[in-house]
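*Asks:* 3D model of this:
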Amino acid sequence: MIRSKIRAIIDKYLDNRATPAEEQLLTHWLDVISAEETPSDALTPGDKEQLRRKMLQTIRQRTGQPARTYPIWKRMVAAAAILLVAAIASWWIIQQRTSRPVAWLELSTGIGEMKKLVLPDSSTVWLEGNSRLKYPGHFRDKRDIELLYGDAFFDVSPYPQAPFTVYVDSLQVRVLGTFFHVRAYQQLPMEITVNSGKVSVSKHDQLMGLLTANQAMRINWNDYTFSRMEVSPLNISDWMRREIVFDNMPLKSVLHLLENYYRVKFEIESVPDMQITGSMPATLQPYQVFHILEELTDHQVIVQARGGNKVTVRHK
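*Replies:* Numbering: from 1, shown residues only. I've put the predicted structure just below:
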């Protein structure tokens, strides 16, 4: 396959049918090789052109075509031809690899579902309920993925030459190797929490801040104002046990978050303006969740199922 393509380019050049790009490519290769293998300062333009054509004839012979013989430069031409064929073949393979289009894939989860994904660089993503992730089938010189919406934990393999970047809306969350969490449900403020390593958060490549272990950033979707906070350490074993953690989270946000874990729709009549800190297993039955919610609010609210998946929440 590679030989036939090399042969075709050489034939077109010799027959004056090569495109400008093909002619420039062959000319460049031959100039480089002749400069390295011959005393180029001693060659006249006519000598160089003669050498060029002798090289091409030798290459034609080596790629399976009849070639005329020439009395001079045989050793030089043969050696240069071998180098040129190798160079062209290597270039062609590299071009095929780098020009191969990257296939983008998607992973999504339903309400209450969790999936684990191992990326091409061995980094791991745990995708929580009602989430959607877009990622390439293979990485090249960078490791970019996109969290379209939802809740995901990332355990990133270190690779300093290629930072790992999660795109969320117009934000870029960039790391080298770390364990961190991104929550990006539209009904809730975006939240980025770091367990280990260092994470930079940018908007259109303008740095918003750096986060280290046990730090978080909460970002408003409307105007991208944000606040930073210290948080409890993330625990991968807790995550694998599917613990839903509330760390100083407004009650209304807690209710919106739970809608991604359980097939319920909370209808908020009135609730106190309070922050919730606590946790609950994601595997509970809905009625158990309602009881825990009442306990977390010191029984200041009443949570009542109304039939179907509708649940009323009101101040006591």
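
*Asks:* Residues touching stretch 276-294, excluding its own?
*Replies:* The contact list for stretch 276-294 (Cβ atoms under 8 Å, 6 or more residues apart in numbering) reads 112, 114, 129, 238, 241-251, 254-255, 258, 261-262, 264, 296-297, 301-305, 311, 313. For glycine as for every other residue, the C-beta is placed from the backbone atoms N, C-alpha and C.

*Asks:* buried sites along it?
*Replies:* 276, 280, 282, 289-290, 292-294 (16 or more other Cβ atoms under 10 Å).

*Asks:* Repeat that for stretch 179-198.
*Replies:* Buried-residue list, stretch 179-198, by 16+ other Cβ under 10 Å: 179-185, 188-198.

*Asks:* which one of the buried residues of stretch 276-294 is nearest residue 12?
*Replies:* Distance to residue 12, by Cβ to Cβ, is smallest for residue 282 among the buried residues of stretch 276-294, at 64.2 Å.

*Asks:* In space, what's closest to the closest one - neighbours in sequence excluded?
*Replies:* Setting aside the residues directly before and after it, residue 282 is nearest to residue 242 in space (Cβ to Cβ, 6 or more residues apart in numbering), at 3.9 Å.

*Asks:* For that neighbour, grab phi and psi.
*Replies:* Torsion angles at residue 242 (phi, psi; degrees, to the nearest 10) stand at phi 60, psi 60.

*Asks:* was I right about it contacting residue 114?
*Replies:* Yes - counting by Cβ atoms under 8 Å, residue 242 touches residue 114, with 6.5 Å between them.

*Asks:* with the buried residues of stretch 276-294 in mind, which one is nearest to residue 227?
*Replies:* Nearest to residue 227 among the buried residues of stretch 276-294, counting by Cβ to Cβ, is residue 276 at 17.0 Å.

*Asks:* Could you pull up the mean pLDDT of the helix or strand hosting that closest one?
*Replies:* Using DSSP states H and E, residue 276 sits in strand 275-281. Averaging the model's pLDDT scores along strand 275-281 yields 86.

*Asks:* Report the angle between the very next helix or strand once past it and strand 275-281.
*Replies:* Sequence-wise, the next helix or strand downstream of strand 275-281 (DSSP H and E) is helix 286-296. Helix 286-296 runs at 150 degrees relative to strand 275-281, counting by axes from the mean of the first three to the mean of the last three Cα atoms, to 10 degrees.
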